[in-house]
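Enquirer: Mind looking at a prediction? Sequence and model below.
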Amino acid sequence: MQEVAKVSDWATDFDHAHPDYNTNVHQIWDQLRGTCPVAHTDRYGGTWLPVRHEDVSAIARDTDNFSSELVIVANRPPEEERISTKPIGPAPPITSDPPFHQHARRLLLPAFAPQVINNWEPEVRRMCNELIDSMGDADVVDAAVQYAQHIPVNVIGRMLGLPLEDSDYFREAVHVVLENISAEANERIASVQTLFEYLGKHVEDHRANPREDLIDYLINATIFDQPLTNEHVVGTIVLLLIAGIDTTWSAIGSSLWHLAGNADHLARLVNEPELMPTAIEELLRAYAPVTMARVVAQDTTIGQCPVKAGDWVLLPFPAANRDPDVFEDADQVIIDREENRHAAFGLGIHRCIGSNLARLELRVAVEEFVKRFPKFELADASAVTWSLGQVRGPRKLPVRVLQRS
């Protein structure tokens, strides 16, 4: 990771790759919402950051003026070297624009239907308990490193039929794609290409040795009555792997971070386990991990701010979730909040297709951790570190176990 230049003003010079951003992002959004609700920076070739629910929602639903071709704000090659992949994009359907998007999305829906995902619950629960068992009797454990980061990588790895011994590489791929955004464009492109080549070899192995998993599902899927291209198959695997790991890992970690710092909420979940589904939705609202991005397709406006074709726009769904014009006591975590139409899984046509899986993993991970450790607290708040970039979650989360069951 290259060193990121100091930020002079979050309203005019923000950088989501700066360590101070995700560490203090809720305060930053609150400040911007009251003073500059559409922030701007010249970094990455020009990037906008709206923080009001109204603006985020409008952009997410405006597929004419905002393209999804590139959804990670990062350094790009010079304009004359850029190659457009519209309307498919490099990782369909998240990078696809209409009308292609609806076809690419529709073919994935059966694989992530509730009845399919629910079958994974016993395995996820077994995995969580196995991870907790491996922590032994230590007084201090790292809920991110020893627990949260392992759950989604194992689940999505198994769903795709990828070797679990490559889990460390998958986590490194997450870092390259989602966090190493300040690297030189050619360096970043080379690293991402390595991932595509790795997955391409596994696709070829699946073609030669068919099995029942998500990669085979994609190989056998059709669009417009034709098999998917190899680029489409590999690009979708990249999406499922990267999104399936980091978003859920981050949501689990953030939820445990909150409970470690709020003993009253932890006690309620221990004593009122039936509250867990409602609490999970509130934790998703308050600590939604994902900010997506769009590329301005043609000159337009955000609110009353003119934006130019080619500019980046970040879509911080977590900021929208904390807009006091939409949510009462938006900055407070109310674990029995009854009305909660949050945007943790996005808005518009790109709403997260894996939301059923993410909810299952998050709920089971918190349930099992709380069941086994009914009392725990932050061991050292200053030792908690947060990710960089557009997916926010704790990377180190040392907690002190006060009680075991």
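Expert: Noted; the coordinates are in hand. Numbering: from 1, shown residues only.

Enquirer: What are the boundaries of the helices in the stretch 201-350 of the chain?
Expert: Here the stretch 201-350 of the chain has its helices, by DSSP state H, counting those that start in this stretch, at 214-220, 230-261, 263-271, 276-286, 317-320.

Enquirer: so can I have TSV of those helices showing distance to residue 4, mean neighbour count and mean pLDDT?
Expert: Where C-beta positions appear, they are placed from N, C-alpha and C, glycine not excepted. Shown next, in TSV, are these (distance: least, Cβ to Cβ, whole Å; neighbours: other Cβ atoms under 10 Å; pLDDT from 0 to 100):
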stretch	distance to residue 4	mean neighbour count	mean pLDDT
helix 214-220	35	19	98
helix 230-261	19	24	96
helix 263-271	34	15	98
helix 276-286	26	21	98
helix 317-320	20	26	98
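
Enquirer: For residue 293, which of these is the nearest?
Expert: helix 317-320 (11.3 Å; Cβ to Cβ).

Enquirer: quick one: contacts for the residue nearest the centre of the chain?
Expert: Centroid-nearest residue in the chain: residue 247, 3.0 Å away (criterion: Cα atoms, centre = their mean). Contacts of residue 247 were listed using Cβ atoms under 8 Å, 6 or more residues apart in numbering, and they are 152, 289, 290, 352, 358, 391.

Enquirer: Please repeat the previous calculation with a cut-off of 6 Å.
Expert: 289, 290, 391 (Cβ atoms under 6 Å, 6 or more residues apart in numbering).

Enquirer: between those, which is nearest residue 43?
Expert: Looking across the contacts of residue 247 and measuring by Cβ to Cβ, the closest to residue 43 is residue 391, at 18.5 Å.

Enquirer: Skip the chain neighbours and tell me the closest residue to that closest one.
Expert: residue 246 (4.7 Å; Cβ to Cβ, 6 or more residues apart in numbering).

Enquirer: same thing with residue 102?
Expert: Closest to residue 102 by Cβ to Cβ, 6+ apart is residue 349, at 7.3 Å.

Enquirer: Give the burial count for that neighbour, as a bare number.
Expert: 16 (other Cβ atoms under 10 Å).

Enquirer: any idea which of the contacts of residue 247 is the one closest to residue 5?
Expert: Of the contacts of residue 247, the one sitting nearest to residue 5 (Cβ to Cβ) turns out to be residue 391, at 21.8 Å.

Enquirer: how many neighbours does that closest one have?
Expert: Counted with other Cβ under 10 Å, residue 391 comes out at 25.

Enquirer: Which positions are bridged to it in the beta structure?
Expert: residue 290 (DSSP bridges).

Enquirer: Please report how far residue 70 lies from residue 369.
Expert: 36 Å (Cβ to Cβ, to the nearest Å).

Enquirer: swap that for residue 211, please
Expert: In terms of Cβ to Cβ, residue 211 sits 32 Å off from residue 369.

Enquirer: So between these two, which is more surrounded?
Expert: When residue 211 and residue 369 are compared for neighbours, residue 369 comes out ahead with 24 against 9, by other Cβ under 10 Å.

Enquirer: OK, contacts around residue 129?
Expert: residue 368.

Enquirer: Just the buried residues of the strand or helix carrying it, please?
Expert: Element membership of residue 129 [criterion: DSSP states H and E] is helix 121-134. Under the neighbour-count criterion of 16 or more other Cβ atoms under 10 Å, helix 121-134 has 124, 125, 127, 128, 131, 132 buried.

Enquirer: What of stretch 300-308?
Expert: For stretch 300-308, by 16+ other Cβ under 10 Å, it's 300, 302, 307.

Enquirer: Between the two ends of that stretch, how far is it?
Expert: One end of stretch 300-308 sits 7 Å from the other (Cα to Cα, to the nearest Å).

Enquirer: How far off centre is it?
Expert: 26 Å (Cα atoms, centre = their mean, to the nearest Å).

Enquirer: Please enumerate residues in contact with that stretch?
Expert: 38, 48, 50, 55, 65, 296, 299.

Enquirer: Buried ones among those?
Expert: Buried among the contacts of stretch 300-308 by 16+ other Cβ under 10 Å: 38, 48, 50, 55, 65, 296.

Enquirer: got the contact list for the second one?
Expert: Read that as residue 48. 40, 307, 313.

Enquirer: just the fifth one next, same as before
Expert: Residues touching residue 65, when contacts are defined by Cβ under 6 Å, 6+ apart, comprise 297, 298, 300.

Enquirer: mind checking pLDDT for the residue lying closest to the second one once chain neighbours are set aside?
Expert: Leaving aside its sequence neighbours, residue 298 sits nearest to residue 309 (Cβ to Cβ, 6+ apart; 5.1 Å). The predicted local distance difference test score for residue 309 is 95.

Enquirer: what about residue 309, how many neighbours?
Expert: Neighbours of residue 309 under the rule other Cβ under 10 Å: 12.

Enquirer: What of residue 115?
Expert: Residue 115 has 8 neighbours, counted by other Cβ under 10 Å.

Enquirer: Report all helices and strands that the helix or strand hosting it contacts.
Expert: Element membership for residue 115, per DSSP H and E: helix 114-118. Judged by 3 or more Cβ pairs under 6 Å, 6 or more residues apart in numbering; DSSP states H and E, helix 114-118 is in contact with helix 355-372.
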